[in-house]
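Peer 1: pasting the structure only:
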Ligand code: DOR
Ligand code: ZN
């Protein structure tokens with residue numbers, strides 16, 4: 001995309017501070033940052049009174065394309081991302097076919113390149129029969145590898161410990177990140193059987209089928225494997241206080257383990273099953289107040305490194321079955337991620353500078369796409385989300401852009417309103433309107449260096 005955009009008078013928020021600076025973007029790349037910048041031929045966007053953040057990098061989305069496009073497709077999913085201020089998504093591999101070879105990764109890339117409204121990276125998946133394919137998938141441009149240790153959508157079997165340790169060895173050797181769904185498969189099966197025996201099938205009982213110990217065991221194992229091999233892990237959708245404690249200790253010992261949580265675990269507890277039923281069936285499940293508090297402490301204290309959406313769309317029929325065991329797990333979130341975290345900051349729960357850190361910089365670093373993505377600095381892609389902090393907004397399910405608009409946040413009032421989303425110097429959202437055609441591109445890791453988060 002050629003042309004220049006000059007964002008003037010905005011207040012720029014990065015992890016290291018808040019300051020008033022103009023941003024000049026030329027041909028998609030940030031050319032200059034400074035006071036009173038001028039450029040004759042540039043389109044000028046007046047950001048006076050507005051906050052300017054790096055575009056969000058959501059490292060955890062399931063856009064369901066290909067194979068499950070009745071739930072979501074890459075067009076609807078990336079439009080939703082754009083409306084939510086997310087300019088880069090990292091797409092999970094539990095599509096059909098699962099992304100378990102370089103060939104399938106290549107095919108998925110080609111398919112999605114024609115449908116993307118925002119930039120995207122692709123995960124490969126690891127299971128017991130494709131460990132030897134990891135290096136080739138990595139060379140093909142996989143952004144990292146997802147490992148499902150527990151049962152969930154897609155029914156991808158958990159790898160054995162033998163495969164898992166090899167994956168960590170490969171991670172240490174090649175420098176890629178393993179993103180782990182940390183629940184112990186057998187323990188989930190065990191507790192699920194126990195709960196089913198009671199005859200209950202209401203959503204309220206769901207957390208008892210996957211209690212905290214399932215996550216605690218898996219996180220301990222991951223930390224041990226990372227310690228032994230020097231491999232790098234991101235624990236996705238961390239939900240328990242036990243996991244936060246384990247990750248805190250591991251970080252003290254310089255083990256390369258990073259922590260993601262999601263708005264749902266910060267904002268809701270298992271009480272929500274009473275109100276919202278199977279809509280909030282997710283894996284791992286919503287937990288107790290002490291877990292929620294531990295996640296907030298972890299977020300404030302630098303243990304939680306990133307907040308991802310775990311955007312996991314399903315059809316209305318799949319979500320509204322009147323039996324929790326049959327209902328699908330997951331709900332949409334890519335469009336509400338940034339607004340919910342912005343709201344938390346504007347209410348004073350976290351400092352504003354935490355937003356660019358956990359929604360942009362850290363996820364980009366963890367997956368080797370920083371500083372091109374996730375930062376406002378010269379030479380980086382001109383990806384921005386510009387918000388009016390004085391406005392309020394009410395999240396309305398029927399105004400969202402996913403295929404199936406089922407959200408637990410329907411009717412929730414949030415502080416702050418996204419005014420513009422800018423992708424590589426081009427406005428894609430302007431005051432609640434989608435104003436550009438598909439221009440999303442495939443991105444792959446640009447650095448294989450060690451990851452240190454500030
Ligand atoms: O609730 C969930 N839904 N958790 C997962 O781990 C997977 C996701 C999905 O793909 O539906
Ligand atoms: Zn997920």
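Peer 2: On my side now, so go ahead. Predicted model, so just to flag it, every value in this text is computed and none were measured. Ligands and ions are numbered 1, 2, ... in the order given.
Peer 1: Would you mind listing what in the stretch 101-250 of the chain touches ligand 1?
Peer 2: Within the stretch 101-250 of the chain, the residues that sit near ligand 1 (Cβ under 6 Å from any ligand atom) are 152-153, 181. To be clear about C-beta, it is placed using only N, CA and C from the backbone, and glycine gets the same treatment.
Peer 1: and if we set it to 8 Å?
Peer 2: Within the stretch 101-250 of the chain, the positions near ligand 1 by Cβ under 8 Å from any ligand atom are 148, 150, 152-154, 181, 236-237.
Peer 1: Out of these, who's the most crowded?
Peer 2: Highest neighbour count within these, by other Cβ atoms under 10 Å: residue 148, with 28 neighbours.
Peer 1: Next, format the residues of the stretch 101-250 of the chain next to ligand 1 as a markdown table and append pLDDT, distance to residue 390 and secondary structure.
Peer 2: As requested, these are arranged in a markdown table below (pLDDT from 0 to 100; distance: Cβ to Cβ, whole Å; DSSP: H, G, I helix; E, B strand; the rest coil):
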| residue | pLDDT | distance to residue 390 | secondary structure |
| --- | --- | --- | --- |
| 148 | 97 | 43 | strand |
| 150 | 95 | 43 | coil |
| 152 | 91 | 40 | coil |
| 153 | 90 | 40 | coil |
| 154 | 88 | 43 | coil |
| 181 | 98 | 39 | strand |
| 236 | 98 | 34 | coil |
| 237 | 98 | 33 | coil |
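Peer 1: nearest to residue 120, of those residues?
Peer 2: Within those, the smallest distance to residue 120 is 17.2 Å, found for residue 236 (Cβ to Cβ).
Peer 1: Now do the contacts for that closest one.
Peer 2: By Cβ atoms under 8 Å, 6 or more residues apart in numbering, residue 236 lies in contact with 60, 146, 179-182, 260, 308, 310.
Peer 1: Report all helices and strands that whichever helix or strand residue 245 is part of contacts.
Peer 2: When elements are assigned from DSSP states H and E, residue 245 belongs to helix 241-252. Here helix 241-252 touches helix 212-229, strand 257-261, helix 289-300, going by 3 or more Cβ pairs under 8 Å, 6 or more residues apart in numbering; DSSP states H and E.
Peer 1: tilt between that helix and strand 257-261?
Peer 2: Here helix 241-252 runs at an angle of 150 degrees relative to strand 257-261 (axes from the mean of the first three to the mean of the last three Cα atoms, to 10 degrees).
Peer 1: Contacts for helix 241-252 next, please.
Peer 2: Applying Cβ under 8 Å, 6+ apart, the external contacts of helix 241-252 come out as 182, 212-213, 215-216, 219-220, 223, 226-227, 235, 238, 257, 259, 290-291, 293-295, 297-298, 301, 303-304.
Peer 1: And it, how far out from the chain middle?
Peer 2: Put simply, helix 241-252 sits 20 Å off its chain's centre (Cα atoms, centre = their mean, to the nearest Å).
Peer 1: Please identify which residue in the stretch 101-250 of the chain comes closest to ligand 1.
Peer 2: residue 153 (3.2 Å; Cβ to the nearest ligand atom).
Peer 1: Got a PyMOL select line for the buried ones in the contacts of helix 241-252?
Peer 2: Buried members of these, defined by 16 or more other Cβ atoms under 10 Å, are picked up in PyMOL with:
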select buried, resi 182+212+215+216+219+220+223+226+227+235+238+257+259+291+294+295+298+303+304
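Peer 1: Quick check: buried residues in stretch 325-336?
Peer 2: Across stretch 325-336, burial judged by 16+ other Cβ under 10 Å covers 327-336.
Peer 1: In helices, which of these appear?
Peer 2: Using DSSP state H to define helices, no part of those is located there.
Peer 1: and the two most separated of those?
Peer 2: Maximum pairwise distance among those (Cβ to Cβ): 21.8 Å, between 327 and 335.
Peer 1: Report the contact partners of residue 209.
Peer 2: Residue 209 touches 188, 191-192, 194-196, 285, counting by Cβ under 8 Å, 6+ apart.
Peer 1: Would you mind giving the residues you listed as a markdown table with distance to residue 410 added?
Peer 2: A markdown table is the format used below for the contacts of residue 209 (distance: Cβ to Cβ, whole Å):
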| residue | distance to residue 410 |
| --- | --- |
| 188 | 29 |
| 191 | 31 |
| 192 | 29 |
| 194 | 33 |
| 195 | 28 |
| 196 | 30 |
| 285 | 20 |
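Peer 1: Now, of those residues, which are buried?
Peer 2: With burial judged by 16+ other Cβ under 10 Å, the buried subset of the contacts of residue 209 is 188, 191-192, 195, 285.
Peer 1: Leaving out chain neighbours, which residue sits closest to residue 445?
Peer 2: Nearest residue to residue 445, sequence neighbours excluded (Cβ to Cβ, 6 or more residues apart in numbering): residue 368, at 3.3 Å.
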